[in-house]
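*Asks:* Just a sequence and a predicted model for now, questions to come.
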Amino acid sequence: MTTIHDIARISGYSASTVSRVLNRKNHVSKEAREAIQKAIEALDYVPSDIARDLSRGKTLNIGFVLPHTKHPFFTEILTGAINASFLTDYHLVILPSEYNESKEIEYLEQLRSNAFDGLIFTSHGLPLEKLADYTKYGPIVCCEKPYDVPISAVYAEREIALTEAFHYLRKNAYQQIGFFLSRDEKISATSRETLSAYQKVFEAKPNKKLIKTSVATYKEGYQAAKEWHKEGINLEVLFSNGDDIVAGARQFYVDHELPLPFLIGQENQLSSQLMAISTIDYQFLEIGKHAFNLIINWQELEKISVPSKFILR
């Protein structure tokens, strides 16, 4: 296997000079650079990325941990991070987790062994405190409000828009409100914030029979609406965790010629725009962009909130 010492021997220059040429450093004469380049071409030498990473102290790889791609929360944040990465030399490495704690530990250990320059967690199965423990090995950014946990974060100020939406519903005397959630509130910060905002405005907890979890796709939204109909539950409002998801429920009502409840989605996707469905815009593209930039410009722990807004249609 060809090494820089072989290039040095053939070119007649030292290994340190060869290294400066390979790493595009200055202070190398034109003659030396040309001779070394000829030796590289003659030997068909390809630099080792691992060795180069070690020499510069960076991999230029950012790990992007996401549990799945079924919900636009994750794909929109990923798109925002990708858009930001195009302006840099960094690469995003997608790390699927499915909320598997052992998988997440594996990624954290890879950060510890310098396989990544940082990790972005869109969501997680591990406790947030466990992620914070690994920040001593490198930058970690989460995409939820961390409250008192000492970890950098970029997150939507969900309470602003959620409170506005529930105030609108209460003002208009809506009472029978159903919820679609991705995960139970015990393990999901997003679900907790949604139900907490409801309780704050309505001064009561929502009816547990009107809360459906594990709903994250158009098809699952359709099926959940079908189940409620079979149970004889007639909603006045359907508050969903995504525009495409609530569009699935809407289609069930349309297919069976049933009265449509007032629909509220999230993410301000094309589906809600075309169907005139009210929604909440959390600006996930901005969150992805800020999370990526926070990693590559790492200086110290930082928390960035992005405002949300309720869009009434």
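*Replies:* All right, it came through fine.

*Asks:* so what's the residue nearest to the spatial centre of the chain up against?
*Replies:* Central residue of the chain (C-alpha atoms, centre = their mean): T122, 3.4 Å from the mean position. T122 sits next to 64-67, 73-74, 77-78, 143 when contact means C-beta atoms under 8 Å, 6 or more residues apart in numbering. To be clear about C-beta, it is placed using only N, CA and C from the backbone, and glycine gets the same treatment.

*Asks:* Mind giving me the ChimeraX command for buried ones among those residues?
*Replies:* The buried residues among the contacts of T122 can be selected in ChimeraX (16 or more other C-beta atoms under 10 Å) with this line:
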select :64,65,66,67,73,74,77,78,143
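
*Asks:* of the contacts of T122, closest to E157?
*Replies:* Set against E157, the nearest of those by C-beta to C-beta is C143 (12.8 Å).

*Asks:* Could you measure from that closest one over to I233?
*Replies:* 33 Å (C-beta to C-beta, to the nearest Å).

*Asks:* And for S214?
*Replies:* 18 Å.

*Asks:* Between those two, which is the more surrounded one?
*Replies:* Neighbour count, other C-beta atoms under 10 Å: between S214 and I233, I233 has more, with 14 against 11.

*Asks:* so that one makes contact with K209?
*Replies:* Yes. Between I233 and K209 there is a contact under C-beta atoms under 8 Å: 7.1 Å.

*Asks:* so P72 makes contact with D244?
*Replies:* Yes. Judged on C-beta under 8 Å, P72 makes contact with D244 at a distance of 6.9 Å.

*Asks:* and for the two, which residues touch both?
*Replies:* Here P72 and D244 share the contacting residues Q269, scored by C-beta under 8 Å, 6+ apart.

*Asks:* show me where the stretch 101-250 of the chain has helices.
*Replies:* For the stretch 101-250 of the chain, applying DSSP state H, counting those that start in this stretch gives helices covering 101-112, 128-133, 158-171, 189-202, 218-230, 243-255.

*Asks:* mind listing what's buried in the third one?
*Replies:* Judged by neighbour count (16+ other C-beta under 10 Å), helix 158-171 contains these buried residues: 158, 160-166, 168-169.

*Asks:* Tell me where the model's unsure across the stretch 201-313 of the chain.
*Replies:* Scanning the stretch 201-313 of the chain for pLDDT under 70 picks out no residues.

*Asks:* swap the cut-off to 90 and go again
*Replies:* Applying pLDDT under 90 to the stretch 201-313 of the chain flags the ranges 299-300.

*Asks:* Look up phi and psi at L66.
*Replies:* With angles defined as degrees, to the nearest 10, L66 sits at phi -140, psi 140.

*Asks:* rewinding a little: can the buried residues of helix 158-171 go into TSV with extra columns for pLDDT and distance to Y13?
*Replies:* Listed next are these as TSV, based on pLDDT from 0 to 100; distance: C-beta to C-beta, whole Å:
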residue	pLDDT	distance to Y13
R158	91	60
I160	93	62
A161	96	63
L162	97	65
T163	97	68
E164	97	68
A165	97	68
F166	97	71
Y168	98	73
L169	97	75
